[in-house]
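# Need coordinates for the below:
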Amino acid sequence: MSDHSRPPPSPLPPLPHKRGADSVGALPGGRVVAVLGPTNTGKTYLAMERMLAHASGMMGFPLRLLARENYDKVVRAKGAAQVALVTGEEKIIPPGARYWICTVESMPLDHVVQFLAVDEIQLAADPERGHIFTDRLLHARGTDETMFLGSDTIRPLLQKLIPRAEFVSRPRFSSLTYSGHKKLTKLPPRAAVVAFSAADVYGLAELLRRTRGGTAVVLGALSPRTRNAQVQLYQEGAVDYLVATDAIGMGLNMDVDHVAFARLSKFDGQQPRRLRAPEVAQIAGRAGRHLTDGTFGTTDEAPALDPELIDAVENHKFETLKTLMWRNVDLDFRSPQALLRALEAGAPSPVLIRAREADDHLALQALAQDADLMRLANNPLAVRLLWEVCQIPDFRKVLSDAHTRLLSQIFRHLRDGPAGTLPQDWVAAQVSRLDRGEGDIDTLVSRIAHIRTWTYISHRPGWLEDAAHWQERTRAIEDRLSDALHERLTQRFVDKRSAGLVKRLADGRDLMGAVDREGRVMVEGHPVGRLRGVTFELDADVPAADAKAITTAARRALADVIAQRVRAFEGAPDSAIILDAAGAFHWDGAVVGQLVPGPTPLAPLVRLLGDDFLQTGQREPVRARLTRWMEAHVARVLAPLVALAAAARGGVVHGGELSGAGRGIAFQVAEALGGLPRAPLEPLIAGLTREDRRRLAALGLRLGFSQVFLAALTRPAAVSLRGQLWSVARGRVLDVPAPGRVSLPAGDLPADFLAAIGYIPLGARAIRVDMVDRLEKSLAGRAKAGPLTTVDDLVLSLGVPRAEVTPLMSALGWRPGRPAGEGEAAPWVRRRPKAARAMPPISAPPPLAAGKRPLPVLPASDNPFSILRTLVEAP
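Predicted structure coming up:
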């Protein structure tokens, strides 16, 4: 039963009406009430009743799904003409709307209402979205009454931030008790199994389908329509089990009797961590509705819960929140740089901490590197438009290069287009390619994420001609994709194999197989899998006990087809092969290989994947084709590095060869993957001729202030590939900086990883090498012109927080000096460099015979880039 369908609880006790202002935000208004308690306490029901008792009201919910559900309830109570729905992807605003149901991000705070409420206010502590909830806490008010709903863990902070707030505690209607550890196959009916990744959810759903007949599936990546359809399967009793991520922890009210945790750790966007007690309680609280008690526990794949955690969940006793996330909303739109500085502003209270960079902030940083684009953002209105464009969500949550390019295109069209709107033909092309219902579950999830982004764009005022048409079209596409996704999920996790096939398997008879034109593999007339590339993918709903017999039949059917596919793969163009961020090769929709460590970082090896159906003589041609692709990819993306290495071996550059000193520099920089500190190379640099310098410059090598580097390798594609090669060599995947990002917190990132991708550790930051060179030259130029007293503008422009200016300057070799006179600013003084250690002459590597590798000229042992040599020597 939903929180909103039970009999109404006791009304809020009358409280004295207060006027005044909060301590933070100085907002006038009526009473401010915080209704706090665990799940299943009727908090949302109470707020809805209070809102409908006023002449106007607004409620902000944490999920689009929740907003839509409650919008429907208010429409039934007040009529469609009285109720507005406002989310990022949907806006229904009748002219006379008095009640506004919104997602928290979309609440129109300039609209005055008598009653205002925000649900799940404890999310103000969430690292990703918390700053939005904190902003509503500080600045959103109804003229007569404001209500914040959430967990009791936020009470002390509410008391500090809003001293005049009144508090109402709500006890849980039913009890929630721990029932211990159970095998997944022994769970009682009406149970929800919780994991924290799509792979785990699919695996658990597979096991329940084979052993218990089927299960519904809920993940955060599903569209609301698909989630509703899957929940309906469960609610109607078509299946007795639900496998989900923590997406069920908020906004899904179902008849769940038991919640079983199959995992007790999750990835929080930065690292894996164990679930905290309030998170366990939020999810476990889905068990039991209204007066029906619920239970929670773990499955055989998860460790037992600690007694302290069990006691906390059962008795709702949790450590209170200490801080909330905050982001400056007083933004400066005079220039993109001013806007970035405003976003970096510090919090106004010790209980508020500045939120980490959100996707819109990262998008702005990336776009700010495009000089041509920034010339269009040359007035406050244009900067405000740029910020609105940066706030377009990427529902895939990856902030990819493709999304950044889309934002750039949208801003250019809106800013510089003849009509000031997005071109109809361009929008049609973008949307039409998503209107395809074929593909697997992950493909449909990705398309739904893309079309949701376009639905958001269609609701931006003034961005599209005939916006209503595009809103209707994108919503229709999302509905079709959602229906297709629900069908795929149902087929995979609910449908059973036909009785005839099961009977033949039970009788032990040989099965006959065939392959149709679409690559579907049929056994006894029933689809059992699909041929993608050279890989046979067994359908997910084939029982494990039957998989061997079905695979044997499929192997017989695929022998000739596999041979044809191998020949097609050998002749496939490079564009048909895709290398993903994890180092996996894709062809024809299947993973066919994986990069593994090779003799050098620039020469990784290839291991075949999904090659079970390949015969011995077919594996080597496939591996050789992938190896050729990788060599060509490295040569194309890292062409300057390859050219520099060739010059070091005696190759001709601009009609001649480098001298011994030039070849020595070229060789060492190439061995270090594109960059070295200048100091150890000074003896060689001193020996360069004018022709050497001209030829090194033609190769793109920059003899910088303190670094010698290939400037072209700072481009996003090169940075990404260098990071990927490092990850393969080390067997440890680390994320490279967002495209165009010039600085980032160094944190625990390994020094050799930063060096490999072209970033220099300076204090607590890592700065891209070309920007370090530019900064050092600017500092030297200012120091030459007079006392160096102003550096903040140079350092802060790199995205460095003000608090890190002094440590960064110190790392660059500058220290604060004494002011020349009273009241004058203290100048920065460059430390005297230590006497350079004499280096023996270094000769260039001799030219080599074909196929031979030069003996390395190693950098100095105390050179920070020398650690890259361990990549070659690592096992």
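
# Quick check, Leu798 in contact with Ile767.
Yes - counting by Cβ atoms under 8 Å, Leu798 touches Ile767, with 6.1 Å between them. Yep, even glycine has a C-beta here, placed from its N, CA and C like the rest.

# what about those two, which has more around it?
Using other Cβ atoms under 10 Å as the criterion, Leu798 and Ile767 rank with Ile767 on top: 28 against 18.

# quick one: contacts for that one?
Ile767 is in contact with 742-743, 759-760, 775, 798, 800, 808, counting by Cβ atoms under 8 Å, 6 or more residues apart in numbering.

# any chance of these in a markdown table, with pLDDT too?
As requested, the contacts of Ile767 are exported to a markdown table (pLDDT from 0 to 100):
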| residue | pLDDT |
| --- | --- |
| Val742 | 90 |
| Ser743 | 90 |
| Tyr759 | 92 |
| Ile760 | 91 |
| Leu775 | 91 |
| Leu798 | 87 |
| Val800 | 88 |
| Leu808 | 88 |
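
# can you point me to the longest strand in this protein?
In the chain, taking DSSP state E as the definition, the longest strand is strand 590-600.

# I'd like to know how far Ile93 sits from Ile101.
11 Å (Cβ to Cβ, to the nearest Å).

# who's more crowded, these two?
Ile101 (29 against 13).

# hang on, the earlier thing: and the contacts of Ile767, which is closest to Thr551?
Tyr759 (47.4 Å; Cβ to Cβ).

# Please tell me how far that closest one sits from Arg565.
42 Å.

# Neighbour count for these two, which is higher?
Comparing Tyr759 with Arg565 by other Cβ under 10 Å, the one with more neighbours is Tyr759, at 29 against 25.

# give me phi/psi at the closest residue to the more buried one other than its chain neighbours?
Nearest residue to Tyr759 in three dimensions, chain neighbours excluded: Ala766, at 4.1 Å (Cβ to Cβ, 6 or more residues apart in numbering). Per-residue torsions, Ala766: phi -120, psi 120 (degrees, to the nearest 10).

# Just list the residues touching Ala766, thanks.
Contacts of Ala766 by Cβ under 8 Å, 6+ apart are 743-746, 749, 754, 759-760.

# What of Ala244?
Here Ala244 is in contact with 192-195, 201, 217-219 (criterion: Cβ under 8 Å, 6+ apart).

# let's see 10 Å
192-196, 201, 204-205, 215-220, 222, 227, 230-231, 234, 252, 254, 256, 259, 283, 286 (Cβ atoms under 10 Å, 6 or more residues apart in numbering).

# thinking again about what came up before, mind checking how far the residue nearest to Tyr759 is from Asp135?
Taken as Cβ to Cβ, the span from Ala766 to Asp135 is 31 Å.

# Asp359 now?
Counting by Cβ to Cβ, the gap from Asp359 to Asp135 is 16 Å.

# between these two, who's got more neighbours?
For Asp359 versus Asp135, the count of surrounding residues by other Cβ under 10 Å is larger for Asp135: 21 against 18.

# you'd agree that one is up against Leu109?
Yes - using Cβ atoms under 10 Å, Asp135 makes contact with Leu109 at a distance of 8.8 Å.

# how about the strands in the stretch 601-750 of the chain?
Using DSSP state E, counting those that start in this stretch, the strands of the stretch 601-750 of the chain run over 603-608, 675-677, 701-703, 707-710, 743-745.

# and those strands as a markdown table, adding distance to Ala419 and mean neighbour count?
Formatted as a markdown table, these follow (distance: least, Cβ to Cβ, whole Å; neighbours: other Cβ atoms under 10 Å):
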| stretch | distance to Ala419 | mean neighbour count |
| --- | --- | --- |
| strand 603-608 | 49 | 18 |
| strand 675-677 | 46 | 25 |
| strand 701-703 | 43 | 20 |
| strand 707-710 | 43 | 25 |
| strand 743-745 | 38 | 19 |
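
# For Gln82, which of these is the nearest?
Comparing these by Cβ to Cβ, strand 743-745 comes nearest, at 49.2 Å.

# right, and the helix or strand after the closest one?
Going down the chain from strand 743-745, the next helix or strand is helix 751-756, by DSSP states H and E.

# list the helices and strands that next one packs on?
Judged by 3 or more Cβ pairs under 10 Å, 6 or more residues apart in numbering; DSSP states H and E, helix 751-756 is in contact with strand 675-677, helix 716-730, strand 759-762, strand 765-768, helix 869-873.

# what is the mean pLDDT for it?
The pLDDT scores in helix 751-756 average 88.

# quick one: Arg68 and Val74 touch, right?
No - using Cβ under 10 Å, Arg68 is not in contact with Val74, being 11.0 Å away.

# In terms of packing, which of these two has more residues around it?
Val74 (24 against 20).

# List the beta-bridge partners for the nearest residue to the more buried one once chain neighbours are set aside.
Closest residue to Val74 apart from its sequence neighbours, by Cβ to Cβ, 6+ apart: Val83 at 4.8 Å. Beta-bridge partners for Val83, by DSSP bridges, are Tyr99.

# quick one on the thing from earlier: any of the contacts of Ala244 buried? List them.
192-196, 201, 204-205, 215-219, 222, 227, 230-231, 234, 252, 254, 256, 259, 283, 286 (16 or more other Cβ atoms under 10 Å).

# Can you flag which of the residues you listed belong to helices?
201, 204-205, 227, 230-231, 234, 283 (DSSP state H).

# tally of neighbours for the nearest residue to Asp516 once chain neighbours are set aside?
Of all residues not flanking Asp516 in the chain, Met522 sits nearest, at 6.4 Å (Cβ to Cβ, 6+ apart). By other Cβ under 10 Å, the residues close to Met522 number 17.

# And for the one 3 residues further on?
Around Gly525 sit 11 other residues, with neighbours defined as other Cβ under 10 Å.

# how close does it get to Phe493?
23 Å.

# cool, and Pro303?
26 Å.

# Measure how far stretch 768-779 is from the centre of its chain, please.
How far stretch 768-779 lies from its chain's middle: 30 Å, per Cα atoms, centre = their mean, to the nearest Å.

# And stretch 437-453, by the same measure?
Distance of stretch 437-453 from the chain centroid (Cα atoms, centre = their mean) equals 17 Å.

# repeat for stretch 780-788
Its chain's C-alpha centre and that of stretch 780-788 lie 42 Å apart, by Cα atoms, centre = their mean.

# Residues contacting that stretch, please?
Outside stretch 780-788, the residues touching it (Cβ under 10 Å, 6+ apart) are 705, 779, 789-791, 794, 809, 814, 817, 819-820, 824-830.

# Please check these and keep the buried ones.
705, 779, 791, 794, 809, 814, 827-828.

# Secondary structure and distance to His450 for the residues you listed - can I get that in JSON lines?
JSON lines is the format used below for these (DSSP: H, G, I helix; E, B strand; the rest coil; distance: Cβ to Cβ, whole Å):
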{"residue": "Phe705", "secondary structure": "coil", "distance to His450": "44"}
{"residue": "Leu779", "secondary structure": "helix", "distance to His450": "45"}
{"residue": "Val791", "secondary structure": "coil", "distance to His450": "44"}
{"residue": "Leu794", "secondary structure": "helix", "distance to His450": "39"}
{"residue": "Met809", "secondary structure": "helix", "distance to His450": "44"}
{"residue": "Trp814", "secondary structure": "strand", "distance to His450": "48"}
{"residue": "Pro827", "secondary structure": "coil", "distance to His450": "53"}
{"residue": "Trp828", "secondary structure": "strand", "distance to His450": "49"}
